[in-house]
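Trainee: sequence unavailable; structure follows:
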């Protein structure tokens, strides 16, 4: 509105402020958990993970503890649908009631590694019989072990008596056990008269019968991550790795997912592991996997059992830092131990070895993708893409003239200068080429179609993995 009476009109125009990018180090973790009814969930701490997905998830999805223990910023957990539970039928112990079935609390073949033993005994009730002797009742102790670890649970003075409101076995295991539960309903656990003793004292029983989810279930769970824009790393925890072809197919789905989301400016890097109980078996499996998994968006780790720690440690680093020679926390010496020859062979195949070195602990020997590029280089490029997308969206509808396009360029330069100050991008080693170049323009035809083009070049910093020294011995 034009002024009629002489005076001053002031318009306040708010400067376009680019929002802060989501933190790097958000890991999309796909695997089998105990509580999957609520679907996808997030966890930034071990307590929130256990509360959200159940105690048995610590065993069915061990990568969660490794990732959180190594500093990952946040987990986005996608449960895999699976209805195969390991179980064992326990016969009745002397006077303790009917037979009952123990079932692993989470589905999947991890439960086949659970061992249980049961021992019955008599305990005093505190009452006297007519004969003057102490009245006793039959109870049993249940010991639950997880093979391959030191974890053990001991549940004492259990009973299958439905009238027992304190130590009823079904109630106790439902609350206190992380591994097993009783399958039968509470009112089905009754004490029959003259119950025979069909268990040997301390006899051990193994849960069995569980199988892994099919590849389609893993693929469906992976698809849940497509709506989580801040995820920049993806890890699928495959429980049964005996079929290398199947494992390779699931990892190929991860690469496809990362490529598809990266085309939408949501750059992601996938992680996988090479199974094998010996260095030779690992090398053989690596040969079968690597042929179909060559990508700048996938990292293959050996030996198996440490990939969660590698992903967690990578997520804890600044996006421009390399995981090479970085220490992993919460791990013992990887098994099998990889000798120098095995390390060299795996590196030639672009597989990341995790080894124990004296004075350093357990470290990532070299952080590279399966196409022999550095992980940090890919993460820097993805960070730049996310920044350009975030800033560009602020200017949609504002680029009608040269001033608007100039403002877009200034914001992009501001973002890239910050990346240079952080050390994420650097000039050429001779100083003749800058760390980045930006050009924002629109031809007449582009302008008619509502298009503005941005040409951008960045030079990511590279980790120095090798040092060659020459020593002159003077006399």
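Mentor: Good, I have the coordinates. Computed from a prediction, not measured in an experiment: that's the story for all the values here.
Trainee: what's the burial count for residue 273?
Mentor: Per other Cβ atoms under 10 Å, the neighbour tally for residue 273 reads 29. Backbone N, C-alpha and C define where each C-beta goes, glycine included.
Trainee: show me where the stretch 201-350 of the chain has strands.
Mentor: Using DSSP state E, counting those that start in this stretch, the strands found in the stretch 201-350 of the chain span residues 203-206, 233-236, 269-273, 298-302.
Trainee: do the same with the stretch 51-200 of the chain
Mentor: Secondary structure of the stretch 51-200 of the chain, counting by DSSP E, counting those that start in this stretch: strands at 74-79, 87-90, 100-104, 114-128, 134-146, 152-158, 180-182.
Trainee: quick one, which of these is nearest to residue 238?
Mentor: Proximity to residue 238 (Cβ to Cβ) singles out strand 74-79 among these, at 13.5 Å.
Trainee: quick one on the thing from earlier: distance to residue 206 for the strands of the stretch 51-200 of the chain - can I get that in CSV?
Mentor: CSV is the format used below for the strands of the stretch 51-200 of the chain (distance: least, Cβ to Cβ, whole Å):
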stretch, distance to residue 206
strand 74-79, 26
strand 87-90, 7
strand 100-104, 10
strand 114-128, 5
strand 134-146, 10
strand 152-158, 15
strand 180-182, 12
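Trainee: redo those strands as a markdown table? Include mean pLDDT.
Mentor: What follows is the strands of the stretch 51-200 of the chain, written out as a markdown table (pLDDT from 0 to 100):
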| stretch | mean pLDDT |
| --- | --- |
| strand 74-79 | 96 |
| strand 87-90 | 90 |
| strand 100-104 | 91 |
| strand 114-128 | 78 |
| strand 134-146 | 80 |
| strand 152-158 | 90 |
| strand 180-182 | 92 |
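Trainee: and those as a markdown table, adding distance to residue 317 and mean neighbour count?
Mentor: A markdown table is the format used below for the strands of the stretch 51-200 of the chain (distance: least, Cβ to Cβ, whole Å; neighbours: other Cβ atoms under 10 Å):
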| stretch | distance to residue 317 | mean neighbour count |
| --- | --- | --- |
| strand 74-79 | 15 | 24 |
| strand 87-90 | 42 | 17 |
| strand 100-104 | 36 | 22 |
| strand 114-128 | 36 | 15 |
| strand 134-146 | 32 | 18 |
| strand 152-158 | 36 | 16 |
| strand 180-182 | 38 | 23 |
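Trainee: out of the ones you listed, which comes closest to residue 306?
Mentor: Residue 306 lies closest to strand 74-79 among the strands of the stretch 51-200 of the chain, at 17.1 Å (Cβ to Cβ).
Trainee: any idea how far the closest one is from the chain center?
Mentor: 7 Å (Cα atoms, centre = their mean, to the nearest Å).
Trainee: and residue 213, how far from residue 366?
Mentor: Using Cβ to Cβ, to the nearest Å, residue 213 is found at 32 Å from residue 366.
Trainee: for residue 293, same thing?
Mentor: From residue 293 across to residue 366, the span is 17 Å (Cβ to Cβ).
Trainee: neighbour count winner among the two?
Mentor: residue 293 (24 against 21).
Trainee: wait, what's in contact with the more buried one?
Mentor: When contacts are counted by Cβ atoms under 8 Å, 6 or more residues apart in numbering, residue 293 touches 248, 251, 252, 255, 272, 300, 370.
Trainee: can I get these in CSV with neighbour count, distance to residue 262 and pLDDT?
Mentor: Shown next, in CSV, are those (neighbours: other Cβ atoms under 10 Å; distance: Cβ to Cβ, whole Å; pLDDT from 0 to 100):
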residue, neighbour count, distance to residue 262, pLDDT
248, 18, 21, 95
251, 24, 16, 97
252, 18, 15, 96
255, 22, 10, 97
272, 29, 17, 96
300, 26, 18, 97
370, 24, 15, 96
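Trainee: from these, which land in helices?
Mentor: Counting by DSSP state H, the part of these found in helices is 248, 251, 252, 255.
Trainee: tell me which of the residues you listed is nearest to residue 33?
Mentor: Set against residue 33, the nearest of the ones in helices among the contacts of residue 293 by Cβ to Cβ is residue 251 (20.2 Å).
Trainee: quick check: chain neighbours aside, which residue is closest to that closest one?
Mentor: residue 272 (4.5 Å; Cβ to Cβ, 6 or more residues apart in numbering).
Trainee: shouldn't the one you found be in contact with residue 236?
Mentor: Yes. Assessed by Cβ atoms under 8 Å, residue 272 is found in contact with residue 236 at 7.2 Å.
Trainee: ranges for the helices of the stretch 151-300 of the chain?
Mentor: 169-176, 215-223, 244-262, 279-290 (DSSP state H, counting those that start in this stretch).
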